[in-house]
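>>> I'll drop the sequence and a predicted model, then ask my questions.
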Amino acid sequence: MDMFDDEWMNKYKDAWNGAEEVSDALAKIDFTSTIGCGFIGEDKPRGVLVVEKGKATHAGNFNGEDLNWDLRASEDNWKKWQENGISMAGLGMAYTTGKLKFLVGDYGSMIKNPSMAGPFVKSFGLMGHVK
């Protein structure tokens, strides 16, 4: 299983839906988005997660979906965050140093909204549940 492939994304979807601090928190604000994840330097994301009112309803390989968010980092950084999670300060540092890129999506507005920022940071920790 490779990071962001179909199997990986579906296990991530299950972790997302099992984490009240992510899915339930986002349900309270009716968060609905299509999120792509992949590696810096590649033409397109590898995986996609569709979230409807906080709950992940679809996950798998990216197939040209219209994205609200497209998150990119090096494989090494993704693996580091998968193992250790990331803090709010670490997320800010990763963004400002270019280790985490938002090819689509407004990092500034998201990080200023506590009802989105907290679950977003916690979603990185969920990657550690994917084995």
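It's in.
>>> what are the ranges of the helices in the chain?
Ranges of helices in the chain, per DSSP state H, are 6-18, 20-27, 75-84, 88-96, 107-111, 114-126.
>>> quick one: contacts of the helix or strand of the chain with the lowest mean pLDDT?
Least confident helix or strand of the chain, by mean pLDDT, DSSP states H and E, is helix 107-111 with a mean of 89. Helix 107-111 is contacted by residues 91-92, 95, 116-117, 120 when judged by CB atoms under 8 Å, 6 or more residues apart in numbering. In this view, the C-beta of every residue, glycine as well, is placed from N, C-alpha and C.
>>> buried only: go through those for me.
Burial by neighbour count, judged by 16 or more other CB atoms under 10 Å, picks out 91-92, 116-117, 120 from those.
>>> what pLDDT is listed against the residue nearest to V130 when sequence neighbours are not counted?
With CB to CB, 6 or more residues apart in numbering as the measure, K11 is the residue that lies nearest to V130, at 4.5 Å, once sequence neighbours are left out. Predicted confidence (pLDDT) for K11: 97.
>>> now the one 3 residues further on
In this model, D14 is scored at 97, pLDDT.
>>> swap in the one 10 residues further on?
Confidence per residue is given as pLDDT, and for D24 that number is 96.
>>> distance of the spatially closest residue to K99 that is not a sequence neighbour relative to A59?
Leaving aside its sequence neighbours, K99 sits nearest to N77 (CB to CB, 6+ apart; 5.1 Å). Here N77 is placed at a distance of 21 Å from A59 (CB to CB, to the nearest Å).
>>> the two - which one has more neighbours?
The neighbour comparison of N77 against A59 (other CB atoms under 10 Å) goes to A59, with 23 against 16.
>>> residues in contact with the more buried one?
Neighbouring residues of A59 by CB under 8 Å, 6+ apart: 6, 9-10, 12-13, 47-50.
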